[in-house]
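>>> here's my sequence, what's the structure:
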Amino acid sequence: RRSSDLSLDELALEMSSRVDYQMRLAALRTRTREHRESSSLNTAILRTMTVLRKTGRGEVLHWKVELGEEIEVDIHRQDLLELVGVILENASKWAQSTVAVNSSKSADHAVLTITDDGPGIAPEHLEKLGSRGLRHDENIPGSGLGLAIATEILELNGGSISYASAASGGLMVQIRLPLAVS
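Model (predicted):
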C-alpha cells in the first residue's frame, strides 16, 4: 500500500473513534440527575473481570480482588459497566503481571481502587490523564479516549477520579461514586 492510503485509513479510524466518543457523550448528557439509579458496584466489577480474564492479556494476569460489602451506587448500570470496563481494561493493558481491585464504602461514597504493576507514569503526566486524545504510549494500541470517557461518565454522575503512582510501580486509579439513595 502507498503511504497516502495508510494515512487516509488512519485518519478515517481516528475520525470514527471521535464520532463514537461524541455520540456516547451525547447519550450520557441526556440523562438528568433527577432520575436516581441504583447499580451494584461489585457486580459490575465481577462481570467485567470475567470478560477480561477470557482475553489473551487477561488470561496471563493475576487478578487480586478485595471487594467490601455489597455497594449500590447512584449511576445507570450501563454507565457503570462502561466505566469499570474502561479502567480495568486500561490496567490490564499496562500490567506486567498483576491487577489489584478493591472496593469500599465511605460515609456517602463508594470507593473503587484499581492498581497495576506496570511501568507507571511520570508524576508530571498524572494530572493530564483523562484528557481527551492523550495517549501515554503511542506504541500501545488504543485511541486515547477510554480514560476521557471514564472522566466524563464520572462528571455526569457526581463522581470523581484520581490517579497516583502505585506502590507496585504502576498506576493507581481511585474512583469515587455517590451511593444510591435507599
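>>> right, and the helix or strand after the worst-scoring helix or strand of the chain on mean pLDDT?
Sorted by mean pLDDT, DSSP states H and E, the helices and strands of the chain end with helix 3-29, the least confident at a mean of 63. Next along the chain after helix 3-29, taking DSSP states H and E as the criterion, comes strand 39-40.
>>> which element is residue 91 on?
Assigned by DSSP H and E, residue 91 belongs to helix 77-94.
>>> now the angle from the helix or strand just after that helix to helix 77-94?
Using DSSP H and E, the next helix or strand after helix 77-94 towards the C-terminus is strand 98-105. Interaxial angle of strand 98-105 relative to helix 77-94 (axes from the mean of the first three to the mean of the last three Cα atoms, to 10 degrees): 150 degrees.
>>> packing partners for strand 98-105?
helix 41-53, strand 62-67, helix 77-94, strand 109-116 (3 or more Cβ pairs under 8 Å, 6 or more residues apart in numbering; DSSP states H and E). C-betas here are computed from N, CA, C, even on glycine.
>>> now the chain, which segments are flagged as low pLDDT?
Where the chain drops to pLDDT under 70, the residues are 1-8, 10-11, 13-36, 130-145.
>>> I am finished for the moment; much appreciated.
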